[in-house]
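# Give the three-dimensional model of this entry:
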Amino acid sequence: MPFEQLFPSLNDTLRPYFKYRTAKYILIEVPIVGIVHRLCQLGAALYVIANMYYGNGWAMATVPMGSVNAWADVGGYTRAAQTADYSSLAYCSNPDYAYTYDDEWQYGTKEVPPICNSPNRYTVTEKSVDSVFFTTAYIESAEYGFPCSGVDPLVACTTKLGATATLEQFANGQCVCTGPSRTYYPLHVESMELAFEHFFHTPEEILVDGASLKGESGNRNADPPLHTTLVGANGTRWEWEAGRAITLPLSTLLLAAHHQICNAGSVADLRDGEEDGACRTGISLDEKNVDVQPDMDDASRYPAFRTSGVSLSLEISYTNAKEVDGEQLAELNRKNVKATVKAAVQTGAFNSVGGTTTFTTYPSGNIGAETWELSSRYRHGVMVHITSSGSIYSFDIFYFVNVLVAGLVLLGFASTIADLFAFWCLGGGQSTVLRNKRCEKVSKRSEFAETGLKAVIAAHQFKFLDHDRNGVIEAVDLVRALASIEMSDGTGPAISPGQAHAIATAIMADADVDSGGGVNSVGSLDFAEFMTCLDGDGASFPFFLKKLEMQEGQPDFEDCLAAFNAQRELAETSKRASSSEKRERFAQRFPGMAARMPRQQGGTSGSRVSQRLAFTGFMGRGSSAKPKAIQLADEKAVQLTDSSLPVPQV
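Now for the predicted structure:
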């Protein structure tokens, strides 16, 4: 049973304060529009499903917090220095490796090309928090400082550092002698190894199977252990189980590296012998770095990577997704995390950590008369940066609901596309008609004109229904009008007396909104209520009358006033002639029934009667007794027709 029938008083009390408005739609019966709409819905649904499954959209992805401990391991560096034949190595004392950047920066000359040496491994490596640097070339020069007074500065300089040394004299009497620079290549530095261990953990609020995840590559007893894989540019895989440091020779790491930029036909692309835009080979230190500035004296010459150095990045990606046919698919509460390492090389720049100095004789003496000896080094090499990223998937109900809502929004976008197609893309004027049907233009002027015309038509309808000319329409007037409707085959009335009475009661329950409270105001509609009931979408009829502006100055005002007065005389005459037929008000004839009738307080109704079919009246509440008017209609079988009702006079 409907709520309004179970609790009628409560329903009437709550109605003014609890209302719901929904959008008004139009039904477009154009098959091509329906097809477009369905195709868009299907596409959106497939996208949502694919994103849920292949894109792991159902699970919340979190980037784990990772850290790395990396260092340079000696590898084969010391052994190569002890056993290598320098003359067999192409980069040792080879004039082809000489390179001049500008007048200040020379990396060897044809006369004095870069030479090989074997400095201590800690001299050629440098470690920071998240990077390791391997020196592949360095420029070294000696410096001698001495007071200029008391000696021949030039003689002192050349005697100390050779005939090619340069001398600088400062105004305060200080002389600085700089020896010729030499470029050195640490022998077989690429045989050194990069070694590192890595760790990760998820934030405390990210739980998988009720706990935060963590792991470290150096702990073989972890549950589960952290497996690490490095995937090279050509697809080669190196794998390490938990419990030992991850080590790889620098030369192998450089060859396995992917290129940050890989244009089809570039040098990086052609290294694998195929011009296909897939750089499947990294670099070696003895290749030319053609992405930097050529030699200042010879544009066809470029420095080797051993000279310019190179930037190499290692990205460690953590995930607990499961690999299925090459796709990473999330699983509910999967705790097994794996780490994948990808090396990438950036070839378009020089790479250096700057210069260092080593004093063989610390400065002594007064300012301007100091004496010192030092050697300086400016180093180029391979800088290895290590970062972490990845996605740890976990199930979160709030995130999942948000994903579903986003999917529903995307499905709703199908209606937007269908609207665009229907209202702007159909030919033959169809889109124009549909656009005008959807877009209702509203203004005070147009609404008042429409309401006024409806009032004129409603006046004739009101007079037709007000059979006894008592100025109001009651349930019996409505029942009388409904009784005149015949079945299509002419066998009887289309509406039964009980149905007619239920319809009339539903109308009165919603449209009789007079707030006077007297018995004479219950169960009947005056013209204002009748008009508001017919035009429920706009303002109430009393409001309309209140806001009308008088137009006495119009040319037709006098003619309209005369016509109105003449019609009123006819109406008064007709009313006096039918005064004997007037009935008492509904509430006077049926006071008990009027007291039980549902009422609205405090204002006018804005809804149409056709939208209130939920009301069934007193006949739908289980009462077996029929109202007196209906009983008389059943007993006498009185059937009214349109001809039995008075015709309104104009």
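# use CA for all of it now, contacts and neighbours both
Noted.
# Can you mark which positions in stretch 318-335 are buried?
318-322, 329-331, 334-335 (16 or more other C-alpha atoms under 10 Å).
# Could you do stretch 60-70 as well?
Within stretch 60-70, the residues that qualify as buried are 60-64, 66-70, counting by 16+ other C-alpha under 10 Å.
# need these in JSON lines with distance to Ser88, can you?
Below are the buried residues of stretch 60-70 laid out as JSON lines (distance: C-alpha to C-alpha, whole Å):
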{"residue": "Met60", "distance to Ser88": "57"}
{"residue": "Ala61", "distance to Ser88": "53"}
{"residue": "Thr62", "distance to Ser88": "52"}
{"residue": "Val63", "distance to Ser88": "49"}
{"residue": "Pro64", "distance to Ser88": "48"}
{"residue": "Gly66", "distance to Ser88": "44"}
{"residue": "Ser67", "distance to Ser88": "42"}
{"residue": "Val68", "distance to Ser88": "38"}
{"residue": "Asn69", "distance to Ser88": "36"}
{"residue": "Ala70", "distance to Ser88": "33"}
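# how about the strands of the stretch 401-550 of the chain, start to end?
Remark: strands assigned in the stretch 401-550 of the chain by DSSP state E, counting those that start in this stretch are 473-474, 524-525.
# other SSEs contacting the longest strand along the chain?
Secondary structure of the chain per DSSP state E: the longest strand is strand 371-394. Counting contacts by 3 or more C-alpha pairs under 8 Å, 6 or more residues apart in numbering; DSSP states H and E, strand 371-394 packs against strand 60-62, strand 65-73, strand 131-147, helix 305-308, strand 310-319, strand 352-364.
# Max pairwise distance over the buried residues of stretch 318-335: which two?
Using C-alpha to C-alpha, the pair of these lying farthest apart is Tyr318 and Glu331, separated by 14.7 Å.
# any idea which of the buried residues of stretch 318-335 is the one closest to Ala268?
Using C-alpha to C-alpha, Tyr318 is the member of the buried residues of stretch 318-335 that sits closest to Ala268, with 28.3 Å.
# so who does that closest one touch?
64, 337-340, 388-392 (C-alpha atoms under 8 Å, 6 or more residues apart in numbering).
# In TSV: these, plus pLDDT.
Putting those into TSV (pLDDT from 0 to 100) gives the following:
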residue	pLDDT
Pro64	91
Val337	90
Lys338	92
Ala339	94
Thr340	95
Ser388	93
Ser389	93
Gly390	92
Ser391	91
Ile392	90
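# tell me the centre residue of the chain?
Centroid-nearest residue in the chain: Ala406, 8.5 Å away (criterion: C-alpha atoms, centre = their mean).
# ok, back up a step: tell me which of the strands of the stretch 401-550 of the chain lies nearest to Ala577.
Nearest to Ala577, of all the strands of the stretch 401-550 of the chain, is strand 473-474, at 18.9 Å by C-alpha to C-alpha.
# Can you pull the domain assignment for this protein?
14-55+398-438, 65-394, 447-644 (automatic domain parsing).
# State the pair within the buried residues of stretch 60-70 that is farthest apart.
Met60 and Ala70 (30.8 Å).
# And Tyr25, how far from Lys437?
10 Å (C-alpha to C-alpha, to the nearest Å).
# who's more crowded, those two?
Legend: neighbour count by other C-alpha atoms under 10 Å for Tyr25 and Lys437, higher for Lys437 (12 against 7).
# so what's Ser415 up against?
His37.
# I'd like the distance between it and Thr432.
18 Å.
# got it, and Phe530?
Phe530 is 35 Å from Thr432, by C-alpha to C-alpha.
# Looking at the two, which is more packed in?
Phe530 (24 against 16).
# isn't that one right next to Val513, touching?
No - judged on C-alpha atoms under 8 Å, Phe530 makes no contact with Val513 at a distance of 10.3 Å.
# Show me the beta-bridge partners of Tyr393.
Tyr393 forms beta bridges with Ala61, as assigned by DSSP bridges.
# in this protein, which helix or strand is least confident?
Least confident helix or strand of the chain, by mean pLDDT, DSSP states H and E, is helix 628-636 with a mean of 38.
# list the buried ones in the longest helix seen in the chain?
Looking across the chain with DSSP state H, the single longest helix is helix 397-424. Within helix 397-424, the residues that count as buried by 16+ other C-alpha under 10 Å are 403, 407, 410-411, 413-415, 418-419, 421-423.
# How about stretch 71-82?
Buried residues in stretch 71-82 (16+ other C-alpha under 10 Å): 71-75, 77-78, 81.
# Equivalent analysis for stretch 273-292, please.
For stretch 273-292, by 16+ other C-alpha under 10 Å, it's 275, 278-285, 288-290.
# and the two most separated of these?
Distances among these were taken as C-alpha to C-alpha; the most separated pair is Glu275 and Leu285, at 22.3 Å.
# and for stretch 38-48, what are the contacting residues?
407, 410-412, 414, 417-418.
# nope, stretch 331-347 is what I was after
The contact list for stretch 331-347, computed with C-alpha under 8 Å, 6+ apart, reads 208-209, 213, 224, 226-232, 253-254, 256-261, 282, 289, 291-292, 310-322, 393-395.
# hmm, which of these are the buried ones?
208, 213, 224, 226-232, 253-254, 256-261, 282, 289, 310-322, 393-395.
# would you list the buried residues of stretch 273-292 in JSON lines and tack on secondary structure, pLDDT and distance to Ala349?
Formatted as JSON lines, the buried residues of stretch 273-292 follow (DSSP: H, G, I helix; E, B strand; the rest coil; pLDDT from 0 to 100; distance: C-alpha to C-alpha, whole Å):
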{"residue": "Glu275", "secondary structure": "coil", "pLDDT": "89", "distance to Ala349": "24"}
{"residue": "Ala278", "secondary structure": "coil", "pLDDT": "89", "distance to Ala349": "22"}
{"residue": "Cys279", "secondary structure": "coil", "pLDDT": "90", "distance to Ala349": "19"}
{"residue": "Arg280", "secondary structure": "coil", "pLDDT": "92", "distance to Ala349": "21"}
{"residue": "Thr281", "secondary structure": "coil", "pLDDT": "93", "distance to Ala349": "19"}
{"residue": "Gly282", "secondary structure": "coil", "pLDDT": "94", "distance to Ala349": "16"}
{"residue": "Ile283", "secondary structure": "coil", "pLDDT": "94", "distance to Ala349": "14"}
{"residue": "Ser284", "secondary structure": "coil", "pLDDT": "95", "distance to Ala349": "16"}
{"residue": "Leu285", "secondary structure": "coil", "pLDDT": "96", "distance to Ala349": "14"}
{"residue": "Lys288", "secondary structure": "strand", "pLDDT": "94", "distance to Ala349": "12"}
{"residue": "Asn289", "secondary structure": "coil", "pLDDT": "94", "distance to Ala349": "9"}
{"residue": "Val290", "secondary structure": "coil", "pLDDT": "93", "distance to Ala349": "10"}
